[in-house]
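> Turn this into a model:
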Amino acid sequence: MRAAAVTEPGRLRIIGALLAVLIVFFGAVTAWQVADRAAAAEDVVGRSQPLSADAASIYRSLADADTASSSGFLAGSKESREVRARYEKDIANASRLLVKAAANAGRSAESARQIGVLGEELPRYTGLIEQARANNRQGLPLGGAYLRYANERMSTRLLPAAQRLYEVETGHLYEDYGAAGSHPLTALAAGLAALGALGWAQRRTYRRTHRVFNHGLLAATAASTVVLLWLTVGHLVAHSDLADSRVHGQESLKVLNDARISSLQARANENLTLVARGAVLATDKKSDKYDTDFKANMAALDQGLAEAARRADDAAGGDPVARAQAGVRAWQARHSAARATDEKGDYEGALVQVIDGRDSTGAAFDQVDASLEQALAHEQRQFARSARDALGALTGLAAGASVLAGLGAAAALIGVGRRLSEYR
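All right, here's what the predicted structure looks like:
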């Protein structure tokens, strides 16, 4: 190397080799970092978010099953087919999603543990519900005890496990978000270094030969510039779309999921208030436990809907939330009226106000639930659209960078070779 560096041809060979290595290194690092981020973005779209959504759906299905079972219990022998079908559909959906989650639980031991808890507890819960239903059909007071015990198992075992599963899978989703949106600093630095070296080589050539352009080095510079611009623009677009899918999609979905779960729990506690008839007291030993829990659930629901309304960025997302808020106001007013009726000793009158007719609390709950389901579907579409756009911004970049880097390195060698030919 020292011997070669004392002659101009030797120096040109060294310069050509270094330029080719820099350009190839730039292309390789770009392809590697882009492929890594594209894989993370693909995980966001095709794995992490669907698993997080499935975990949320497991939670909702379990909470809704608890609500439907208490509604059917209150109706007794008049339990409608729709309510029974809703309960059975919720249990079937939760069971199906648990099987799916178990098949994809290899990524996390914590997820597998929570799935195991849910798999053990769900048959016990359904068994208790069937015992409650059978006793209730025979007019035996023991049915209410079975139902309350089933609700306790749901509240203390099933729902906490489902909540933990959702938190774990959402944590994996945010990890993939971080990997997909991280800046490709090494590739950017390599690109700037390659362009700097090419600029220096062309300036050196100009100062020694007074020729303005070296076609080979100019082509290598153009190829490297295209890769660097493509990398910069592609990453910025992908980063922006990922941020949009997170802020306007995933975060909104989380708020709406929490609100819907609060509404389902509120409905279950409202039903259990009538089932227990004051037999279960809150920690203060004075107020009804289920009515106290209902009020806490409704407070969380109000707060969640206010946050969802704040996050809604278009009419398609805001209108369902507004309808849900209107439904909550009607629900609260009807619940107060039903409680007043029940406290006067008119149980049958309160029961009608809770489960029968268009003006019942059940009708208001149905409005809230349907509106939240519509809002969730809209936010899910927004997430999917933005996340797919982010993935599309990186499509082809890794392969394109490799090809352009190879062409750029070849062009640099050709350009230096043309200078070397002048010495023969």
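> Ser287: neighbour count?
13 (other C-beta atoms under 10 Å). To be clear about C-beta, it is placed using only N, CA and C from the backbone, and glycine gets the same treatment.
> what's the answer for the one 10 residues further on, then?
By the criterion of other C-beta under 10 Å, Asn297 has 20 neighbours.
> Kindly report the same for Leu185.
What Leu185 shows, counting by other C-beta under 10 Å, is a neighbour count of 9.
> same thing with Ala410?
Ala410 is flanked by 17 other residues according to other C-beta under 10 Å.
> what about it, distance to Gly417?
Ala410 sits 10 Å away from Gly417, going by C-beta to C-beta, to the nearest Å.
> just Ser240 next, same as before
Taking C-beta to C-beta, one finds Ser240 at 42 Å from Gly417.
> now Gln131
Taken as C-beta to C-beta, the span from Gln131 to Gly417 is 88 Å.
> of those two, who's got more company?
Gln131 (17 against 13).
> What is the subsequent helix or strand relative to the helix or strand harbouring the more buried one?
Per DSSP states H and E: Gln131 is located in helix 109-137. Later in the chain than helix 109-137, the nearest helix or strand by DSSP H and E is helix 142-153.
> residues of the next helix or strand after that next one that come out buried?
Where DSSP H and E defines the elements, the next helix or strand beyond helix 142-153 is helix 159-181. Within helix 159-181, the residues scored as buried using 16 or more other C-beta atoms under 10 Å are 159, 161-166, 168-170, 172-173, 176-177, 180-181.
> Can you name the next helix or strand after the helix of greatest length in the chain?
Longest helix in the chain by number of residues, with DSSP state H as the criterion: helix 8-43. Using DSSP H and E, the helix or strand that directly follows helix 8-43 along the chain is helix 49-75.
> how would you label His183: helix, strand or coil?
Following DSSP: H, G, I helix; E, B strand; the rest coil, the label given to His183 is coil.
> How about it: what's its closest non-neighbour residue?
Sequence neighbours aside, His235 is the residue nearest to His183 in space, at 7.0 Å (criterion: C-beta to C-beta, 6 or more residues apart in numbering).
> element containing the one you found?
If you go by DSSP H and E, His235 is part of helix 215-245.
> Who are the packing partners of that helix?
helix 8-43, helix 159-181, helix 185-209, helix 361-394, helix 397-421 (3 or more C-beta pairs under 8 Å, 6 or more residues apart in numbering; DSSP states H and E).
> Can you give me the buried ones in it?
Residues of helix 215-245 classed as buried by neighbour count (16+ other C-beta under 10 Å): 216-221, 223-225, 227-228, 230-231, 234-235, 238-239, 241-242, 244-245.
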